[in-house]
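Engineer: From the sequence below, what's the structure:
(one chain, ligands or ions: 1)
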Amino acid sequence: MTKPNPLGRASTTATEEIRITAVEPFLLHVPVTGQHIADSMHSLTHWGVPGVVIQTDSGLRGFGYTGTHAHSASDMLITDCISKVYAPLLLGESIHDVLALWKKMYHFPPAQWVGRTGITQLALAAVDIALWDLKAKAAGQPLWRLMGGGKREGIPAYNTDGGWLSLSKAQLVDNCRRSIEERGFQGVKVKVGLPSAHEDIDRVRAVRSAIGPVAGLMVDANGRCDLPSAIALGRHFEELEVAWFEEPMWYDDVEGHRRLAESIRTPIALGEQLYSLDAFTAFIGAGAIHYPQPDATRLGGISEFWQVADLALAYRMPVAPHAGDMMQVHLQMALAHPACVILEYIPWTLECFREPAQVTNGRFTPPELPGAGTELRADALERFGVKLT
Ligand SMILES: [Mg+2]
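Structural biologist: Got it, this is the predicted structure:
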């Protein structure tokens, strides 16, 4: 048995087991910035956080979660999957066997039959993240140190929360200029995919002009374009020195992105809608991507994120994680994994966490508390919790 101290550290021996005694799902709906945001495909007022607390016989608690559009009925399919499908596989198991448990859940035949993407994978992600949170807490280390240590100087941050398609051109330009000049971010992301390509290009050009030639400028179509329109937009982005063109076309279209990569010089980034190592293997193998953007809350958690980051490293590709977790988990991995070069900033859920991700002088700083950065504040459920039915 272990005895956690007030900092969450636990004293254990290398062979001492910590066993799972309960698996308890939860659901938060947290307001987004300015009450509403939209890109070319999605429109949100809240960010959904379906998650899980894993209790152990040591008293340590692990927190994990995924991210959604805060649609209660959909979110509760995920929390149901956690409590009804995965929890029975976990009770009595040791939290030290994270990868073995990941494999047990990933290959659980009834779940594999109906899953491998979507609900089952989002539920697996939440559970896997909670297990890594526990493993790091048991080791008395923040996860980035447990995973091998890393970039103590922090990791470059770019701001996504200011480039929404729902903003007027004036608001967009002002947000992006302030992100660079006043808030110190190293780049900004601008959403595109309006009915008028001319308007898209006009907005991106205005932002480049406002932030100057050096700051990073990323553009994201959220899968909206077809191949001809993506080629046309991509060619305009070349002269504006766009760092990457994100999700230009439909998420699963490997061949379309391969053709696009042949046709434009602007690099292609994608991955937030890919649910497996195999999906990344297909895009990378086809030469259809330059910046993989794995998301641990969409893949099967930290375990599969790490596999994708290793795959990218094998191809010497820079990884720019997508922050469906609102950075708490990806900050840990971006600091530790050698392929990760930059991380996006979206601040919607900062108030929910005990040690929220922090940006100083344009870089995310390394967290200090043991765990995966996922531990909720005591009042998070009270403020943002949704009753599970
Ligand atoms: Mg995106």
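Engineer: Give the burial count for the nearest residue to residue 51 once chain neighbours are set aside, as a bare number.
Structural biologist: Leaving out its chain neighbours, the residue that sits closest to residue 51 by Cβ to Cβ, 6 or more residues apart in numbering is residue 65, at 2.9 Å. In this view, the C-beta of every residue, glycine as well, is placed from N, C-alpha and C. Residue 65: 33 surrounding residues under other Cβ atoms under 10 Å.
Engineer: Any residues of the stretch 101-250 of the chain in contact with the ion? List them.
Structural biologist: 220, 246 (Cβ under 5 Å from the ion).
Engineer: Report the secondary structure state of whichever residue of the stretch 251-389 of the chain sits closest to the ion.
Structural biologist: The ion sits closest to residue 272 of the stretch 251-389 of the chain, with a gap of 5.2 Å, by Cβ to the ion. Of the three states, residue 272 takes coil under DSSP: H, G, I helix; E, B strand; the rest coil.
Engineer: Quick one: residues contacting it.
Structural biologist: 247, 293, 295, 298, 322, 324 (Cβ atoms under 8 Å, 6 or more residues apart in numbering).
Engineer: which phi and psi does it have?
Structural biologist: phi -70, psi -20 (degrees, to the nearest 10).
Engineer: go on, residue 290?
Structural biologist: Dihedral angles (degrees, to the nearest 10) for residue 290: phi -120, psi -40.
Engineer: burial of the nearest residue to it once chain neighbours are set aside, as a residue count?
Structural biologist: Spatial nearest neighbour of residue 290, chain neighbours left out: residue 267 (3.7 Å); criterion: Cβ to Cβ, 6+ apart. For residue 267, the neighbour count with other Cβ under 10 Å is 19.
Engineer: thinking residue 267 is in contact with residue 291, fair?
Structural biologist: Yes - with contact defined as Cβ atoms under 8 Å, residue 267 reaches residue 291; the gap is 6.0 Å.
Engineer: pLDDT below threshold where in this structure?
Structural biologist: By pLDDT under 70, the low-scoring segments of the chain are 1-15.
Engineer: shouldn't the residue nearest to residue 51 be in contact with residue 325?
Structural biologist: Yes - with contact defined as Cβ under 8 Å, residue 65 counts as touching residue 325 (7.1 Å).
Engineer: any common contacting residues for those two?
Structural biologist: 129, 297, 374.
Engineer: So the residue positioned nearest the centre of the chain: helix, strand or coil?
Structural biologist: Among the residues of the chain, the one closest to the centroid is residue 323, at 2.8 Å (Cα atoms, centre = their mean). Taken by three-state DSSP, the conformation at residue 323 corresponds to coil.
Engineer: The residue of the stretch 251-389 of the chain closest to the ion - nearest residue in space that isn't next to it in sequence?
Structural biologist: Distances taken as Cβ to Cβ, 6+ apart place residue 322 nearest to residue 272, at 3.7 Å, with adjacent residues excluded.
Engineer: repeat for residue 131
Structural biologist: Spatially, and ignoring its direct neighbours in sequence, residue 131 is nearest to residue 98 (4.7 Å; Cβ to Cβ, 6+ apart).
Engineer: Near the residue of the stretch 101-250 of the chain found nearest the ion, how many other residues are there?
Structural biologist: Going by Cβ to the ion, the ion is nearest to residue 220 of the stretch 101-250 of the chain, at 4.4 Å. Residue 220: 26 surrounding residues under other Cβ under 10 Å.
Engineer: Equivalent analysis for residue 335, please.
Structural biologist: 26.
Engineer: can I assume it sits in a helix?
Structural biologist: Yes - using three-state DSSP, the assignment for residue 335 is a helix.
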